[in-house]
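Chemist: One predicted model, sequence on top.
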Amino acid sequence: MSDWLHGSPHDVALAFGGEIVRFGALARSVSTVAAVGLPAGDGPIGCPVATDPVTLVTHVLAALERGRPVLVGGSQREADDLVGRLPQGTGLALLTSGSSGGSPRVVARTNASWLASAGPLAAVAGLGADPGEVAHDGDAAKGTMSGVRIAVTGPLHVSMHLYGVLHALWLGATATDALEGAAVVHATPTRLARVIDGDTPPAAAIVAGAVLSPTLRDRAADRGIRLTEYYGAAELSFVLSGGEGGLRPFPGVEVELRADAAGDLLWARSPYLALGVVGGGMLQRDGRGFATVGDLAERTPDGGLRVLGRGDAAITTAGSTVLVEQVEARLEAIPGVRAAAVIGEPHELLGERIVAVVELFEGVALAEVADAARRKMPVDELPRRWFAARVPRTASGKIARGEVRAALANGWLGAPHPGAPHLGAPAGSGA
């Protein structure tokens, strides 16, 4: 049986779109596909985006059982194009594109690198056996969650959701896309905001993909949802975890902050790192086994770590370096703002000026939000141009800033807020 399947044969393993598959049937399907259902040869196997969840999970596990790389989110033709390009030992080839857009890249990792994090995640999230026991024995949680439903809130070709399903199977729980009756949910902050408003919220949520705002954290607490937050990346897997906003190194991870032009870069060393990336990307390695994807972080007064955002998403405006994720978080804390996307655009006086696209709740005026921002935000972080529009997102729930830039360049955002100061400078700034 696959290393990921630890439920009793008669327990439900998968419940997606009304299809129910028990652990015994899933194990048999995986063995059959591994024996006769995969493309000939020993090259990578494609699992396109349109693959239904049950088939995708079955083929991923079958490919891993056969020791063949599986391209999650890519066609067989795209998988064939990777022959000779993937690092030796690749099990999972995760097709991904960043929030800035651009060409897709393939993150190559071993199956063992994901398996190694299963026990530690169970420990930090309080799943399965007693968390203290799990922390000392990574196998202690296997098969301990029979009948418990764990929901994922996004497509399985996205690595965090695929991992959520595999982790549920490892626990012996039921992985599902149905929120009703789920005890645990894997979600981005955007999806969590919708889950919180449901009639029967889950008892626990594992949240990643973006910074969780204090407002959203408080809303979850009011509904009795126990939160486990983590920071990671497809290239690094788990790096930091915690709750109540305090993040510390995930079990088994060493971290370092190293000075960079934009701030302190977060570097990590762990058994969970990817082998490499095909097609470019931000992954950097050093000779000591540490890696980074360019995210900035800072120490908190209580000794924890706060992730500030991607260094390549910094805006230099009027001599100040501003992190877009930080500005977005401030904007999303303003009442009436559902979501915010921030980019920089060239400006002959400022170097770059900050442009904000805000998605508003019904009945909220953009002028109200802009006025509130002027009262509450630091001058150097204040947007100079404002637009009210839907904030586009990637399949993983991250803000698709590449789409925002294209919409701005092509005039698809419409006219900016008419009250914007002359030359896009904040009132009283003198710029």
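Modeler: All right, it came through fine. Numbers count the residues shown, from 1 in each chain.
Chemist: dump the residue contacts of Val293.
Modeler: Residues counted as contacts of Val293 (C-beta atoms under 8 Å, 6 or more residues apart in numbering) are 233, 235-236, 281-284, 310. The C-beta positions use only the backbone N, C-alpha and C, and glycine is treated the same way.
Chemist: What helices and strands are in contact with the helix or strand that contains Ile343?
Modeler: Under DSSP states H and E, the secondary-structure element containing Ile343 is strand 337-347. Judged by 3 or more C-beta pairs under 8 Å, 6 or more residues apart in numbering; DSSP states H and E, the packing partners of strand 337-347 are strand 314-317, helix 324-332, strand 351-360, helix 401-409.
Chemist: Let me know which of the ones you listed is the nearest to His157.
Modeler: Proximity to His157 (C-beta to C-beta) singles out helix 401-409 among these, at 18.6 Å.
Chemist: May I see the buried residues of stretch 25-45?
Modeler: For stretch 25-45, burial by neighbour count (16 or more other C-beta atoms under 10 Å) applies to 25-27, 29-31, 33-34, 38, 43-45.
Chemist: what's the answer for stretch 238-245, then?
Modeler: Buried positions in stretch 238-245, judged by neighbour count with 16+ other C-beta under 10 Å: 238-243, 245.
Chemist: so how far is it off the chain centroid?
Modeler: For stretch 238-245, the separation from the chain centroid amounts to 13 Å (computed by C-alpha atoms, centre = their mean, to the nearest Å).
Chemist: Narrow the contacts of Val293 to those in strands?
Modeler: Secondary structure assignment by DSSP state E places 233, 284, 310 of the contacts of Val293 in strands.
Chemist: Please list only the buried members of those residues.
Modeler: Using 16+ other C-beta under 10 Å as the burial test, these include 233, 310 as buried.
Chemist: Show me the shaky parts of the stretch 51-200 of the chain.
Modeler: Counting by pLDDT under 70, the stretch 51-200 of the chain contains low-confidence residues at 97-103, 129-141.
Chemist: could you show me where the helices are in it, in order?
Modeler: Listed in chain order, the helices of the stretch 51-200 of the chain (DSSP state H, counting those that start in this stretch) span 53-66, 76-80, 111-115, 118-125, 131-136, 159-171, 189-196.
Chemist: Note down every partner strand of the strand holding Ile343 and its orientation.
Modeler: When pairing is defined by DSSP bridges, strand 337-347 lines up against strand 351-360 (antiparallel).
Chemist: ok and the partner strand relative to helix 324-332, angle-wise?
Modeler: With axes from the mean of the first three to the mean of the last three C-alpha atoms, to 10 degrees as the criterion, the two stretches strand 351-360 and helix 324-332 enclose an angle of 40 degrees.
Chemist: Strand 351-360 to helix 401-409, inter-axis angle?
Modeler: Going by the same axes, to 10 degrees, strand 351-360 makes 100 degrees with helix 401-409.
Chemist: Strand 351-360: which residues count as buried?
Modeler: Going by 16+ other C-beta under 10 Å, strand 351-360 has these buried residues: 352-360.
Chemist: For Pro383, state which of the residues you listed is nearest.
Modeler: Among the buried residues of strand 351-360, and counting by C-beta to C-beta, the member closest to Pro383 is Ala356, at 3.6 Å.
Chemist: before we move on, the earlier item: identify the farthest-apart pair in the buried residues of stretch 25-45.
Modeler: Of all pairs drawn from these, the one with the longest distance (C-beta to C-beta) is Ala25 and Gly43, at 28.2 Å.
Chemist: any idea where the strands of the stretch 1-150 of the chain begin and end?
Modeler: Taking DSSP state E, counting those that start in this stretch to define them, one finds strands in the stretch 1-150 of the chain at 12-16, 19-22, 45-47, 70-72, 92-96, 105-109, 149-152.
Chemist: and the third one, what other elements does it pack with?
Modeler: Applying 3+ C-beta pairs under 8 Å, 6+ apart, one finds that strand 45-47 makes contact with helix 53-66, strand 70-72, helix 76-80.
Chemist: Output these as CSV; include the columns mean neighbour count.
Modeler: Supplementary listing: the helices and strands packed on strand 45-47 in CSV, determined by neighbours: other C-beta atoms under 10 Å:
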stretch, mean neighbour count
helix 53-66, 22
strand 70-72, 27
helix 76-80, 17
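Chemist: Let's have these in a markdown table, adding distance to Val158.
Modeler: A markdown table is the format used below for the helices and strands packed on strand 45-47 (distance: least, C-beta to C-beta, whole Å):
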| stretch | distance to Val158 |
| --- | --- |
| helix 53-66 | 11 |
| strand 70-72 | 9 |
| helix 76-80 | 16 |
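Chemist: Quick one, which of these gets closest to His167.
Modeler: When the helices and strands packed on strand 45-47 are ranked by proximity to His167 (C-beta to C-beta), helix 53-66 comes first, at 12.1 Å.
Chemist: and the angle from the closest one to strand 12-16?
Modeler: Compare the direction of helix 53-66 with that of strand 12-16 by the same axes, to 10 degrees and you get 130 degrees.
Chemist: what about dumping the CA coordinates of helix 53-66 to PDB?
Modeler: Written as PDB, here are the backbone C-alpha positions of helix 53-66 (Å, rounded to 0.1, in the frame of the first residue of the first chain):
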ATOM      1  CA  PRO A  53      -9.800  14.800  -8.000                       C
ATOM      2  CA  VAL A  54     -10.200  11.100  -7.500                       C
ATOM      3  CA  THR A  55      -8.400  10.300 -10.800                       C
ATOM      4  CA  LEU A  56      -5.600  12.800 -10.000                       C
ATOM      5  CA  VAL A  57      -5.000  11.400  -6.500                       C
ATOM      6  CA  THR A  58      -5.000   7.800  -7.900                       C
ATOM      7  CA  HIS A  59      -2.500   8.600 -10.700                       C
ATOM      8  CA  VAL A  60      -0.200  10.700  -8.400                       C
ATOM      9  CA  LEU A  61       0.000   7.800  -5.900                       C
ATOM     10  CA  ALA A  62       0.400   5.200  -8.700                       C
ATOM     11  CA  ALA A  63       3.200   7.200 -10.300                       C
ATOM     12  CA  LEU A  64       5.000   7.500  -6.900                       C
ATOM     13  CA  GLU A  65       4.600   3.800  -6.300                       C
ATOM     14  CA  ARG A  66       6.300   3.100  -9.700                       C
END
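Chemist: how far does it sit from the chain's center?
Modeler: 22 Å.
Chemist: what angle do it and strand 92-96 make?
Modeler: Counting by the same axes, to 10 degrees, helix 53-66 lies at 140 degrees to strand 92-96.
Chemist: hmm, who's touching helix 53-66?
Modeler: Here helix 53-66 has contacts from 2-5, 14, 16-17, 19, 21, 26, 29-31, 33-34, 37-38, 45, 47, 51, 69-70, 72, 91-92, 111, 156-157, 162, 165-166, 169, 175, 177, using C-beta under 8 Å, 6+ apart.
Chemist: what do you get if the cut-off is 6 Å, keeping everything else the same?
Modeler: Counting contacts by C-beta atoms under 6 Å, 6 or more residues apart in numbering, the residues outside helix 53-66 that touch it are 2, 14, 16, 19, 21, 29-30, 33-34, 45, 47, 70, 91, 111, 156.
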